[in-house]
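> What would the 3D arrangement of this be:
(chains A and B)
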Protein chains: 2
Amino acid sequence: MFTVRTPRVVAARRLHRRRDRDETGRFLAEGPQAVREAVQAGVVAELFATAEAVRRYPELTGDASLVDDAAMQALADTVQPQGLVAVCRQRDVPLATVLAARPRLIAVCVDIRDPGNAGTVLRTADAAGATAVVFAGDVVDPYNGKAVRSSAGSLFHVDVVRARDAAATVAALRAAGVQTLAADGYGDADLFDLDAELARPTAWLFGSEAHGLPKDLEADRRVRVPLYGGAESLNLAAAAAVCLYSSAKALRSV
Amino acid sequence: MFTVRTPRVVAARRLHRRRDRDETGRFLAEGPQAVREAVQAGVVAELFATAEAVRRYPELTGDASLVDDAAMQALADTVQPQGLVAVCRQRDVPLATVLAARPRLIAVCVDIRDPGNAGTVLRTADAAGATAVVFAGDVVDPYNGKAVRSSAGSLFHVDVVRARDAAATVAALRAAGVQTLAADGYGDADLFDLDAELARPTAWLFGSEAHGLPKDLEADRRVRVPLYGGAESLNLAAAAAVCLYSSAKALRSV
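Here you go, the predicted structure:
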């Protein structure tokens, strides 16, 4: 039986809005890759699939609600969701839980506004071996559709922490013995001079695309990625990649 | 005197199309930052400015053609060009010229399709101290408006080389004593095991977002950025940042 704009489709569709995601604690994941990761993470509350997708992905769609192409288009954020949209449970973890596991590498996004950047930091942090990504301050919703897509599944691999207050996050990290390194183009420490320090448990703090980190945020160090050519700065995703992988390399050798 | 859709505005506006950029050897740069870099690089052929921009940027607009807001909107790619659009001369350099300067670090974009990625690689390569970026194969136009914006001025700092044939580029690099390292998620060499090699003159090869580098491209090494978490890969911009900065660090110490 085909489900065309049933109440469940209408309710799921509302999850494109942040308010509805915040209220319900749910979000949408589109396409076979993201849905597969969501299934493996055990967070799928409901799955919508077209008949074509049921044929192509039988291993994923056993419990799917069948929808027609019009309903799929209404559900999907992208032009080609390949016939699969999952309603997922948000999987936020308290910072205390993350810290109890004695993490070696964490990324903290403060005031980041672009969902593509949030997703890219999730993906890069996961790749570099970070076990958690904290979203603090006036920050984009990591469950935004574009953030989910940009994370390429990493949203389902790392612990996602949401914190109102960036300063309280830094204090909690420090109290747990995790050093806080602020990525800052004007920082007084050169990333490439930090080798020994990078082998300690570390949280990297990344600030907003336009304004960087809050000036009054008291990290242990303000660290700059050195600039050798004429560029005035790196973009957020590139700076995060260089910082997180510098830690990954130092941590590998201990 | 205001210029509203004069023949010069109409001609400049055509430069949003690749065919017209290729035919004329010109391209557009928008906004005060890009225009300032273009002026410093000595490549501005013509500058259009609104009256407001002439007031705000007198140091840039001495020779500007005054246009009204409607003409500026027609010229600009972005919603807020801040009243400045420059017609610039493309500044391609032959690979032989680049090689004659005995470069230590080069980036080569092969088959990259997304202009934002092309611009980001230009910016990151510049920051890491690369002196040239080669665009080879079936590759996006680095003078595309979005590429120019994403490069954040770096298009005007590094030598831009355009090469039809990626294999011929690799051969020319090798003949000049520049090792070619292919960034490849399935590469047999781990980036973090290469320290001594990275201190040699190097060209990093980056492939398309969807398909990576051509399988038959014979680089000296195929190098993977190690993945420590659950992520299956890094995105192009992140991988390029990690690779180029690994070389920057190794080259700094020699």
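> so what strands line up beside the helix or strand harbouring residue A:134?
Take DSSP states H and E as the rule and residue A:134 turns out to sit in strand A:132-136. Here strand A:132-136 is paired, per DSSP bridges, with strand A:105-110 (parallel), strand A:159-163 (parallel).
> Extract the C-alpha set from it and format it as PDB.
Provided in PDB are the C-alpha atoms of strand A:132-136 (Å, rounded to 0.1, in the frame of the first residue of the first chain):
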ATOM      1  CA  ALA A 132      33.500  13.100  20.300                       C
ATOM      2  CA  VAL A 133      32.500  16.400  18.800                       C
ATOM      3  CA  VAL A 134      31.100  19.100  21.000                       C
ATOM      4  CA  PHE A 135      28.800  21.800  19.600                       C
ATOM      5  CA  ALA A 136      28.800  24.800  21.900                       C
END
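> quick one: average pLDDT of whichever helix or strand comes after it?
Where DSSP H and E defines the elements, the next helix or strand beyond strand A:132-136 is helix A:145-151. For helix A:145-151, mean pLDDT is 95.
> How far does helix A:145-151 sit from its chain's centre?
Offset of helix A:145-151 from its chain centre (Cα atoms, centre = their mean, to the nearest Å): 8 Å.
> Which secondary structure elements does it sit against?
strand A:26-30, helix A:31-41, helix A:115-127 (3 or more Cβ pairs under 8 Å, 6 or more residues apart in numbering or on different chains; DSSP states H and E). No exception for glycine: its C-beta is placed from N, CA and C like everyone else's.
> Any idea how far apart the tips of stretch A:171-187 sit?
By Cα to Cα, to the nearest Å, the extent of stretch A:171-187 from end to end equals 20 Å.
> which outside residues touch it?
A:95-96, A:99, A:103, A:106, A:108, A:170, A:194, A:197, A:200-207, A:212-213, A:217, A:219-225, A:227, A:232-234, A:239-240, A:243 (Cβ atoms under 8 Å, 6 or more residues apart in numbering or on different chains).
> List buried members of the residues you listed by neighbour count.
Among those, the ones that count as buried by 16 or more other Cβ atoms under 10 Å in any protein chain shown are A:95, A:99, A:103, A:106, A:108, A:170, A:194, A:197, A:200-207, A:212-213, A:217, A:219-225, A:227, A:233-234, A:239-240, A:243.
> Inside strands: which ones of those residues?
A:106, A:108, A:202, A:203, A:204, A:205, A:206, A:221, A:222, A:223, A:224 (DSSP state E).
> The first one contacts residue A:205, doesn't it?
No: proximity of residue A:106 to residue A:205 does not meet the contact threshold set by Cβ atoms under 8 Å, at 9.5 Å.
> which parts of the stretch 151-254 of chain A sit against chain B?
A:152-154, A:156-158, A:192, A:225-235, A:237-242, A:245, A:248-249, A:252 (Cβ under 8 Å from any Cβ of the partner chain).
> Kindly give a single PyMOL line that selects the buried subset of those.
Per 16+ other Cβ under 10 Å, the buried members of these correspond to this PyMOL selection:
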select buried, chain A and resi 152+153+154+156+157+158+192+225+226+227+228+229+230+231+233+234+235+237+238+239+240+241+242+245+248+249
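> Could you report the distance from the closest residue in space to residue A:78 that isn't next to it in sequence to residue B:55?
Distances taken as Cβ to Cβ, 6 or more residues apart in numbering or on different chains put residue A:30 closest to residue A:78, at 5.9 Å, once the chain neighbours are dropped. Remark: distance between residue A:30 and residue B:55 (Cβ to Cβ, to the nearest Å) = 47 Å.
> which of these two has more neighbours?
Using other Cβ atoms under 10 Å in any protein chain shown as the criterion, residue A:30 and residue B:55 rank with residue A:30 on top: 23 against 11.
> May I see the domains of chain A written out as residue ranges?
Chain A breaks down by automatic domain parsing into domains covering A:7-89, A:95-252.
> JSON lines please, covering the ones you listed and showing distance to residue B:16.
JSON lines is the format used below for the domains of chain A (distance: least, Cβ to Cβ, whole Å):
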{"stretch": "domain A:7-89", "distance to residue B:16": "23"}
{"stretch": "domain A:95-252", "distance to residue B:16": "23"}
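> Let me know which of those is tucked in deepest.
When you average the neighbours per residue for each of the domains of chain A (mean count of other Cβ atoms under 10 Å in any protein chain shown), domain A:95-252 leads with a mean of 21.
> Off-centre distance for it?
11 Å.
> near chain B, which residues of the stretch 1-150 of chain A show up?
A:120, A:123, A:124, A:125, A:126, A:127, A:128, A:129, A:130, A:131, A:150.
> who touches the nearest residue to the fourth one once chain neighbours are set aside in this structure?
Leaving out its chain neighbours, the residue that sits closest to residue A:125 by Cβ to Cβ, 6+ apart is residue A:107, at 4.0 Å. Going by Cβ under 8 Å, 6+ apart, residue A:107 touches A:121-122, A:124-125, A:130, A:132-134, A:203-204, A:206, A:240, A:244.
> Next one: residue A:54 from chain B, what distance?
Distance of residue A:54 to chain B, computed by Cβ to the nearest Cβ, to the nearest Å: 25 Å.
> Would you agree that residue is in contact with residue A:63?
No: counting by Cβ under 8 Å, residue A:54 stays clear of residue A:63, with 10.9 Å between them.
> give me the residue from the stretch 1-150 of chain A nearest chain B.
With Cβ to the nearest Cβ, the shortest gap between the stretch 1-150 of chain A and chain B falls at residue A:129, namely 3.1 Å.
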